[in-house]
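J.: task: produce atomic coordinates for the following.
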Amino acid sequence: MRIRYTITVLLIFGFLLPERAVCEEKPLWEMGVGVGFLQMPDYRGSNESRLYPLPYPYLVYRGDILKVDEQRISGKIFKTDRILLDFSGFGAVPVDSDDNSAREGMPDLDPTFELGPALTIKLLKSKEYKLKLDLSLPVRAFFSTDLSSVRHEGWVFSPRINFMKDDLIPRTGLNLGISVGPMFADSGYHDYYYTVEHQYAKSSRPEYSADGGYSGSTLTVGLSKSYKQFIFNAFASADFLQGASFEDSPLVKRETSIMSGFSVSWIFLKSEKMVNAEQ
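T.: Numbers count the residues shown, from 1 in each chain. Predicted coordinates:
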């Protein structure tokens, strides 16, 4: 169970933390340790949330093809001056249904992860003002796992507009990242979270079958700052489920879900070789 939480919480942090906006030289690789705290709902639409503390290794590799960094693990497939096609993932922690009143008596939710390509288009970039604006178009396959087997559950498409601004307050080194966009998923994805099968239905939780379609919208705001050998990251993310195809599910208890997190990483070893750190 500890391994499940570690892997999925790291995937969540990596997906939501802000990126750096402008091109700069950084070490080819870095090593360190860190600790993070993540407050998140049991699932999108749940009115119950958990606090997840997590120590983690900090590993960065900025290769030409494979990148392992403070944002994510990704593999570059194709790149031009304005277009990047890469491969990356996202994760979600498991949920014990006995600890969630809406799901009581239903099967537990296993750890889940998403993997797939993302096309990123640079819309605007200014070195003078240290900012950039991107359009990201990720399509990911959605899986669940109990660590003994992996099951493909569905597909997710979540286009995003990403705005990044370095040195938000001049000479402070504080960096801002904002991401906003809708989400769409097939019936398999929505079924995993929001369907109530006949055998689990009761008066307060009627039977429900989830369809595919619009899955709500997400707004994420993140801040990051480096100080000597330390990197500080914080973010808050809101899911707005008004109008989602599963909005009427009895498992949706809240139409706005909030997730937030904070992490501190200490870098104690890095390479002498410097590379261009731009995405």
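J.: can we go C-alpha only for contacts and neighbour counts from here?
T.: OK.
J.: need phi/psi at the residue of the chain most remote from its centre.
T.: With distances taken from the mean C-alpha point of the chain and given as C-alpha atoms, centre = their mean, the most distant residue is Ser203, at 34.9 Å. Backbone geometry at Ser203, expressed as degrees, to the nearest 10, gives phi -60, psi -40.
J.: again, but for Asp110
T.: For Asp110, the backbone dihedrals are phi -70, psi 160 (criterion: degrees, to the nearest 10).
J.: so it sits against Asp146, correct?
T.: Yes: counting by C-alpha atoms under 8 Å, Asp110 sits close enough to Asp146 to count as a contact (5.9 Å).
J.: these two: which is more packed in?
T.: Asp110 (18 against 14; other C-alpha atoms under 10 Å).
J.: count the residues that sit near the residue nearest to Phe246 when sequence neighbours are not counted.
T.: Counting by C-alpha to C-alpha, 6 or more residues apart in numbering, Phe246 lies nearest to Ala210, which is 5.7 Å off, once chain neighbours are set aside. Neighbours of Ala210 under the rule other C-alpha under 10 Å: 21.
J.: ok, now Leu251?
T.: For Leu251, the number of neighbouring residues by other C-alpha under 10 Å comes to 23.
J.: swap in Ala118?
T.: As a measure of burial, Ala118 has 23 neighbours, counting by other C-alpha under 10 Å.
J.: which ones are touching it?
T.: Residues in contact with Ala118 (C-alpha atoms under 8 Å, 6 or more residues apart in numbering) are 85-88, 136-139.
J.: and which of those residues is nearest Lys165?
T.: Ser136 (16.7 Å; C-alpha to C-alpha).
J.: how close does that closest one get to Asn276?
T.: Going from Ser136 to Asn276 by C-alpha to C-alpha, to the nearest Å gives 21 Å.
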